[in-house]
Each structure stands twice: as structure tokens, then as C-alpha cells.
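Asks: Here is my input; please provide its structure:
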Amino acid sequence: MLLYDAMPGQEEGNIDWVTHCGAGHWCPNPLLVLEHVRSWLARPAAMRAVSQASLAQAQPDSALKIANVIINTLKPARRNTAVTAPLHLPGALAIGVASGNTTTVINC
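Replies: Predicted coordinates:
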């Protein structure tokens, strides 16, 4: 992963985390991005090492876990509500929510 920009606050912590665990590099300007890409092309083993470190940190269901926490916080009376999978609707960000036998779409 090559990180080239970060919003102040939470994303600055992401830079520290990604670089500390070896999953990527901080490249705040285009020349550093180019330098790292050239380095990886010249040393494929180094690129594989970063890729493996990134895979080791992967949490592919983290967005769904976060959505579940948010939904259950906003709707405390419906504690059994669970996000099952993201829905892809043209022109809208939506989350599919399953509760019992019902599926609800929340457009954001």
C-alpha cells in the first residue's frame, strides 16, 4: 500500500499503523510514490513482503461490524438487527439490514 494523503485526525493514525506493521509506505508527494513503485518493480520480493504484511492485517468484514454497531446504537430497541452484506444500488450508498425475516435498505 502506498498512502499519499491523509485527512487530519483518524487517517493520520492509519499512516502510523500501516507503516509500523510493514503493510505500506507513507508517500506524501508524487516523487516518493514514484520512488517506491520503481523500487518494488526492481525488487519484487520487497513488494511481495509488503503485500503479505498487508494481507496479514486484513479484516474484510470490518465495515459490516462497524455498521452493526452504528445501527444497534441508533436503534436500541432492535438489538437483533444485523447488517448481512452491502447492497450496491446505482446513485446511492445503501446498507442491507436483516432483522428476523425482514430485510431493510437504509440509504445514506
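Asks: Strands of this structure, residue ranges please.
Replies: 2-3, 25-26, 82-89, 92-99, 102-107 (DSSP state E).
Asks: Pull up the pairing partners for the second one, direction included.
Replies: Strand 25-26 pairs in its sheet with strand 2-3 (parallel), by DSSP bridges.
Asks: so for the strand it pairs with, what's the average pLDDT?
Replies: Here strand 2-3 scores 92 as its mean pLDDT.
Asks: Can you give me the domain assignment for this protein?
Replies: Using automatic domain parsing, the domain parsing of the chain gives 2-57, 62-107.
Asks: Comparing these by mean pLDDT, which bottoms out?
Replies: Among those, domain 62-107 scores lowest, with a mean of 61.
Asks: Look up how far Ala53 lies from Leu41.
Replies: Distance, Leu41 to Ala53, by CB to CB, to the nearest Å: 18 Å. Yep, even glycine has a C-beta here, placed from its N, CA and C like the rest.
Asks: Please identify which of those two sits among more neighbours.
Replies: Neighbour count, other CB atoms under 10 Å: between Leu41 and Ala53, Ala53 has more, with 15 against 10.
Asks: Confirm for me that the more buried one is in contact with His25.
Replies: No. Assessed by CB atoms under 8 Å, Ala53 is found out of contact with His25, at 11.1 Å.
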